[in-house]
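Asks: for reference, the sequence and a predicted model appear below.
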Amino acid sequence: MIEEKYLETLKKMRLIDDTFFSAFFDNNEEDVEYILRIILEKSDLKVIKVQTQKSVENIYGRSVRFDVFATDDAGKLYNIEVQRTDAGAVPTRARYNSSMLDYHKLKKKAKYNELPETYVIFFTENDVLKSGEKIYHIDRVIRETQKLFEDGTHIIYVNGAFKGEKGQPLDDLIHDFFCDKPEEMRHRQLAERVEFLKSNKIGVKKMSKIIQEVFKEELEEKKKSTLLENIRKMMKKLNMTAQQAMDILEVPVEKQKEYVTLI
């Protein structure tokens with residue numbers, strides 16, 4: 001029996017919501033190809049592989065987890081991210097994601113010219129770049145000549161705050177990313193998939209499991225945050241060390257190093 005709270009959460013979910021976005025496009029080459037064709041205006045683009053929540057480990061620093069990671073038949077790489085907060089889509093985040101696509105692909109002793117063309121695409125709730133454009137294309141340019149610096153990297157921002165015209169593919173796509181009712185979506189191909197995940201017995205069961213995991217993770221994060229705050233309070237009010245506070249609060253030994261880092 002699926003709990004009512006999960007069903008209510010599912011009804012309100014939209015493509016701009018990270019959890020639903022990942023579930024929608026998981027191993028879904030057809031629909032990733034569909035939206036990339038619209039965003040890039042390339043009707044012949046062919047996606048051959050899609051992974052969601054793909055992690056790329058960085059042994060020297062911060063790792064990254066891509067919302068959607070895709071490859072086309074020409075070997076080009078695509079990272080598509082949905083961001084509801086401006087802080088999650090700052091230019092330096094786009095820069096880092098772009099660099100991690102290269103890090104992921106360039107193997108030891110490979111030649112630099114073997115690096116594939118890459119696209120980092122942010123679909124944002126707000127107009128992060130604040131110029132009122134529907135879409136922003138960012139490519140490196142040689143200042144002195146104003147010619148493109150052809151390094152094969154591309155960053156694109158799709159402005160979810162843009163209110164466009166019905167019947168325009170990208171305008172309709174923006175509308176659909178913020179629509180929680182499949183019957184009100186304009187791209188029928190996407191609407192059918194949303195309908196499946198929200199109404200079909202198999203789709204609803206899949207989504208309920210995902211939402212249950214999200215609730216569990218949120219609860220764990222809340223517990224972690226509360227414990228961290230209690231450690232800080234004890235250190236400040238009782239003049240304790242972090243170790244003393246954690247011992248009293250019975251923080252497991254294997255978790256103590258993590259909390260010390262966070263304090």
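Replies: Structure's in. What do you need?
Asks: residue 82 reaches residue 67, doesn't it?
Replies: Yes. Using CB atoms under 8 Å, residue 82 is in contact with residue 67, at 6.0 Å. C-beta here means a position set from N, CA and C on the backbone, and glycine is covered the same way.
Asks: more neighbours: which of these two?
Replies: Comparing residue 82 with residue 67 by other CB atoms under 10 Å, the one with more neighbours is residue 82, at 25 against 20.
Asks: sheet partners, orientation included, of whichever strand or helix holds that one?
Replies: Element membership of residue 82 [criterion: DSSP states H and E] is strand 77-83. Next to strand 77-83 in the sheet, as set by DSSP bridges, lie strand 64-72 (antiparallel), strand 118-124 (parallel).
Asks: which strands and helices sit next to the longest helix along the chain?
Replies: Taking DSSP state H as the criterion, the chain has its longest helix at helix 201-237. With contacts taken as 3 or more CB pairs under 8 Å, 6 or more residues apart in numbering; DSSP states H and E, helix 201-237 sits against helix 4-12, helix 18-25, helix 188-199, helix 242-248, helix 253-262.
Asks: any weak-confidence spans in this protein?
Replies: 1-3, 59-60 (pLDDT under 70).
Asks: angle of the strand holding residue 82 against helix 18-25?
Replies: 140 degrees (axes from the mean of the first three to the mean of the last three CA atoms, to 10 degrees).
Asks: for strand 77-83, buried residues please.
Replies: Using 16 or more other CB atoms under 10 Å as the test for burial, strand 77-83 gives 77, 78, 79, 80, 81, 82, 83.
Asks: for residue 82 and residue 67, list the residues in contact with both.
Replies: Residues touching both residue 82 and residue 67 (CB atoms under 8 Å, 6 or more residues apart in numbering): 18, 21.
Asks: what's the angle from the longest helix of the chain to helix 4-12?
Replies: Per the same axes, to 10 degrees, the angle that helix 201-237 makes with helix 4-12 is 100 degrees.
Asks: count the neighbours of residue 248 for me.
Replies: Residues near residue 248, counting by other CB under 10 Å: 13.
Asks: can you get me a residue count around the nearest residue to it once chain neighbours are set aside?
Replies: Excluding the flanking residues, the one nearest residue 248 by CB to CB, 6 or more residues apart in numbering is residue 234, at 7.0 Å. By the criterion of other CB under 10 Å, residue 234 has 18 neighbours.
Asks: swap in the one 3 residues further on?
Replies: Look at residue 237: counted by other CB under 10 Å, it has 8 neighbours.
Asks: check residue 226 too.
Replies: Residue 226: 10 neighbours (other CB under 10 Å).
Asks: ok, of the buried residues of strand 77-83, which one's closest to residue 197?
Replies: residue 82 (15.6 Å; CB to CB).
Asks: ok, back up a step: convert the C-alpha atoms of the strand holding residue 82 to PDB, please.
Replies: Extracted C-alpha coordinates of strand 77-83, given in PDB (Å, rounded to 0.1, in the frame of the first residue of the first chain):
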ATOM      1  CA  LEU A  77      29.200  14.900 -23.800                       C
ATOM      2  CA  TYR A  78      26.200  16.600 -22.100                       C
ATOM      3  CA  ASN A  79      25.600  17.500 -18.500                       C
ATOM      4  CA  ILE A  80      22.100  18.800 -17.800                       C
ATOM      5  CA  GLU A  81      21.300  20.300 -14.400                       C
ATOM      6  CA  VAL A  82      18.100  21.600 -12.900                       C
ATOM      7  CA  GLN A  83      18.600  24.400 -10.300                       C
END
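Asks: following element in sequence after it, please.
Replies: helix 91-105.
Asks: where's residue 240, which helix or strand?
Replies: Applying DSSP H and E, one finds residue 240 in no helix or strand.
Asks: apart from its neighbours in sequence, what residue is nearest it?
Replies: Nearest one to residue 240, counting by CB to CB, 6+ apart, is residue 234 at 5.1 Å.
Asks: tell me the contacts of the one you found?
Replies: By CB under 8 Å, 6+ apart, the neighbours of residue 234 are 240, 244, 245, 248, 249.
Asks: now do residue 115
Replies: 102, 105, 106, 152.
Asks: I figured residue 176 hits residue 15, correct?
Replies: Yes. With contact defined as CB under 8 Å, residue 176 reaches residue 15; the gap is 6.6 Å.
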